[in-house]
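Visitor: Kindly generate the corresponding structure for this input.
(one chain, ligands or ions: 2)
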Amino acid sequence: MATSAKYYGLVPAAGQGKRFGADAPKQYADLGGLTVLERSVNALLADDRVHKVFVVCAPDDTRCASLFESVPKVKVLPLGGRERVNTVLNALQYLLENMWVFETDWVLVHDAARPGLTRHLLARLIDQASEHVAGGLLALPVADTLKKASVSEEGDTSSQTTVSRTNMWCAQTPQMFRAQALSLALAECLYQGAEVTDEASAIETMGISPLLVMGGLENMKITQAQDLEYVRCLLNLQPLDGEAN
Ligand SMILES: Nc1ccn([C@@H]2O[C@H](COP(=O)(O)OP(=O)(O)OP(=O)(O)O)[C@@H](O)[C@H]2O)c(=O)n1
Ligand SMILES: C[C@](O)(CO)[C@H](O)COP(=O)(O)O
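Guide: Ligands and ions are numbered 1, 2, ... in the order given. The predicted structure follows:
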């Protein structure tokens, strides 16, 4: 009898946080008494359908394993790579080769830097993307007018052209795809030398279109230092300094 596909979280957490600019990688920044990483992992564990969460840290990371040593549903993999795509592919290939995950199981790839994922958004993604042949991702429609910039030799950035925002969306995570399909798509993109900044772009190269599922501003990615304060405020953990509630 065919067993139903399981759902697994895969959290790429091997980045250095260069744009964040702190002494430690941003996934270890404090956010209301927990690290950003713990909150991002807990967000995936909030849905009982998520069978296990694999956290992929840098090979020389000495903090990650101790954070989750008492969390049975979390397994830390020191398989981080040069870029985010390498981290994700390293983990997928390990999990498939060692049968931690089977080919048609669903993998939800979620940035360690997105601690604001809510139970509601996660459930919406799982409910909707499970019914879509290509899987899917959380995303937000672009609300602002889009400008393509030009940068002068002096470093001045000016508006070169205005790009239509019609049907434009900003990708978030989790991005949910079948394990083997995603692994093959990522491997092929890397072989072709393609730039891959998210999983959906690799799946698209297979000629299938992942479902766009409405995300939320609270699920923003912490990239610059100020983003941590925005997320703290969005999660009602602490108002921005000097700002009335
Ligand atoms: N080689 C890498 C690079 C990034 N990531 C992870 O991918 C997510 C999104 O990447 P990004 O926001 O770019 O994080 P960093 O690469 O750490 O940031 P920066 O580019 O500023 O160094 C983060 O959870 C990060 O830890 C990863 O696992 N492996
Ligand atoms: C995956 C992602 O969060 C979707 O918007 C984004 O592409 C990650 O980019 P980063 O430069 O690796 O943070």
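
Visitor: Show the subsequent helix or strand relative to whichever helix or strand residue 76 is part of.
Guide: Using DSSP states H and E, residue 76 maps to strand 74-77. Per DSSP H and E, the first helix or strand lying C-terminal to strand 74-77 is helix 84-97.

Visitor: what distance separates that following helix from the centre of its chain?
Guide: 14 Å (Cα atoms, centre = their mean, to the nearest Å).

Visitor: Near ligand 2, which residues of this protein? Just list them.
Guide: The chain has residues 84, 111, 171, 172, 173, 197, 198, 221 near ligand 2, with proximity defined as Cβ under 6 Å from any ligand atom. Glycine gets a C-beta too; all of them are placed from N, C-alpha and C.

Visitor: can you give me the strands for this protein?
Guide: Here the chain has its strands, by DSSP state E, at 7-13, 30-31, 34-35, 50-57, 74-77, 106-109, 136-141, 146-151, 157-163, 169-178, 211-214.

Visitor: Any idea which of those strands gets closest to residue 96?
Guide: strand 106-109 (9.8 Å; Cβ to Cβ).

Visitor: what comes up buried for the closest one?
Guide: 106, 107, 108, 109 (16 or more other Cβ atoms under 10 Å).

Visitor: so how far is residue 15 from the second one?
Guide: For residue 107, the distance to residue 15 under the criterion Cβ to Cβ, to the nearest Å works out to 19 Å.

Visitor: Next: the third one.
Guide: In this view, residue 108 and residue 15 are 18 Å apart by Cβ to Cβ.
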